[in-house]
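The amino acid sequence is not available; the structure is as follows:
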């Protein structure tokens with residue numbers, strides 16, 4: 001804070017001498033003033049002494065007027081000191097307010113830049129999640145098509161097993177009838193022996209066919225059980241994917257909400273900053289004259305002003321450190337949260353790539369299995385060795 005040295009005459013005829021600095025024309029004015037004083041009167045010893053070693057000014061006045069002028073000068077100096085101290089306090093408070101507002105404005109601008117960067121990163125993360133969601137939907141569609149194909153295959157197998165069961169029952173009925181006919185024909189003459197032997201061979205063929213049908217039925221049951229287990233595993237995978245999709249949607253909603261909150265805060269801070277800027281400009285224009293007047297009046301309160309300025313600077317430094325620590329803590333928290341989100345997304349991406357690769361391997365194995373199938377009889381089921389059992393292994397892996 002600037003101070004001005006003034007040599008103003010008091011009503012009782014004495015002068016106050018105060019040291020001052022920070023003015024470019026001060027030394028020149030002081031030297032010229034000393035020359036004038038040297039011409040008018042002799043130099044005193046107080047001019048060669050420092051500010052601390054100087055004595056207080058001595059006033060010589062008429063004893064008749066001493067009481068009147070002494071009381072009026074004391075009242076004037078007290079009122080002037082009080083007014084000067086209040087003005088100095090107001091000036092220091094205003095300067096403190098200006099510095100705090102400027103620091104808050106800089107911090108708000110930094111926070112705005114960080115928030116915009118965070119919004120940009122969140123948007124990029126959102127786009128990547130949407131692409132992953134589209135890939136998941138495609139995988140789900142392929143899985144649904146595979147499930148529909150398996151259901152159709154299961155339905156065909158059940159129809160085939162029912163048809164074989166009906167054939168088996170009809171064969172058993174025919175076998176019973178043939179046995180009765182064999183017993184009836186055995187009691188007849190020898191001419192029908194050849195026919196009986198033919199019927200016996202036919203009976204053997206029917207029995208062989210029945211055994212083969214029983215074996216095929218057992219194989220079909222094992223295949224049906226394997227397909228049912230595979231269908232259950234696919235349903236579990238589908239439920240898990242639905243749960244993960246719901247979690248991603250909830251995260252997206254929370255990110256959108258945080259983005260809206262940050263934008264609102266930035267708008268509020270911008271409005272407050274513009275209003276404070278306008279107020280500061282008006283305040284500067286309004287208080288320039290008052291500041292000049294206060295600088296002329298500040299004389300005797302320099303120690304108090306220095307103490308107040310030191311206290312103000314310490315409080316400003318403390319406030320700046322507190323604000324810096326608060327925003328650094330907030331920034332570290334946001335960075336940690338973004339790192340955690342990135343790690344989770346990378347883990348999910350690895351899981352989805354592994355599931356996609358397993359599904360591609362399963363499709364390749366299905367193609368190979370269909371290419372290597374051999375022809376078999378239309379009246380019987382295929383052997384158990386040619387069943388594409390790799391569906392189960394790939395789904396479990």
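Good, I have the coordinates. These figures come from a predicted structure and were not determined experimentally.

so where do the helices sit in the stretch 151-300 of the chain?
Counting by DSSP state H, counting those that start in this stretch, residue ranges of the helices within the stretch 151-300 of the chain are 193-297.

quick one: low-confidence parts of it?
Residue ranges of the stretch 151-300 of the chain with pLDDT under 70: 182, 185-186, 189-190, 192-193, 196, 287, 298-300.

Can you name every helix or strand that the host helix or strand of residue 89 contacts?
Here residue 89 sits within helix 63-186, counting by DSSP states H and E. If you count contacts as 3 or more CB pairs under 8 Å, 6 or more residues apart in numbering; DSSP states H and E, helix 63-186 packs onto helix 193-297, helix 302-371. The C-beta positions use only the backbone N, C-alpha and C, and glycine is treated the same way.

Out of those helices, which is closest to residue 89?
Nearest of these to residue 89, taken as CB to CB: helix 302-371 at 7.0 Å.

Where does the prediction get shaky in the stretch 1-150 of the chain?
1-76.

Let me see the contact set for residue 265.
By CB atoms under 8 Å, 6 or more residues apart in numbering, the contact list for residue 265 reads residue 115.

any idea how far it lies from residue 119?
Applying CB to CB, to the nearest Å, the value for residue 265 to residue 119 is 12 Å.

now residue 309
According to CB to CB, residue 309 and residue 119 sit 42 Å apart.

what's the answer for residue 129, then?
From residue 129 across to residue 119, the span is 15 Å (CB to CB).

Looking at the two, which is more packed in?
Each of residue 129 and residue 119 has its neighbours counted (other CB atoms under 10 Å); residue 129 has more, 19 against 16.

from what I can see that one touches residue 250, true?
No - shown here, residue 129 and residue 250 do not form a contact pair, counting by CB atoms under 8 Å, at 11.7 Å.

Buried residues in stretch 136-156, which are they?
The neighbour-count check on stretch 136-156 (16 or more other CB atoms under 10 Å) flags 136, 139, 143, 146, 150 as buried.

count of residues packed around residue 91?
The local packing of residue 91 (other CB under 10 Å) involves 19 other residues.

Now it. Nearest residue, chain neighbours left out?
residue 294 (5.7 Å; CB to CB, 6 or more residues apart in numbering).

Spit out the contact partners of that neighbour.
84, 87-88, 91.

which one of those residues sits closest to residue 327?
Nearest to residue 327 among the contacts of residue 294, with distances taken as CB to CB, is residue 91, at 29.5 Å.

looking at the helices and strands packed on helix 63-186, which is closest to residue 179?
With CB to CB, the closest approach to residue 179 among the helices and strands packed on helix 63-186 belongs to helix 193-297: 7.9 Å.

List just the nearest of the buried residues of stretch 136-156 to residue 239.
Using CB to CB, residue 143 comes nearest to residue 239 of the buried residues of stretch 136-156, at 11.9 Å.

how close does residue 324 get to residue 248?
Applying CB to CB, the value for residue 324 to residue 248 is 36 Å.

So which of these two has more stuff around it?
More crowded of residue 324 and residue 248, by other CB under 10 Å: residue 248, with 18 against 13.

Now the more buried one. Nearest residue, chain neighbours left out?
Distances taken as CB to CB, 6+ apart place residue 129 nearest to residue 248, at 5.8 Å, with adjacent residues excluded.
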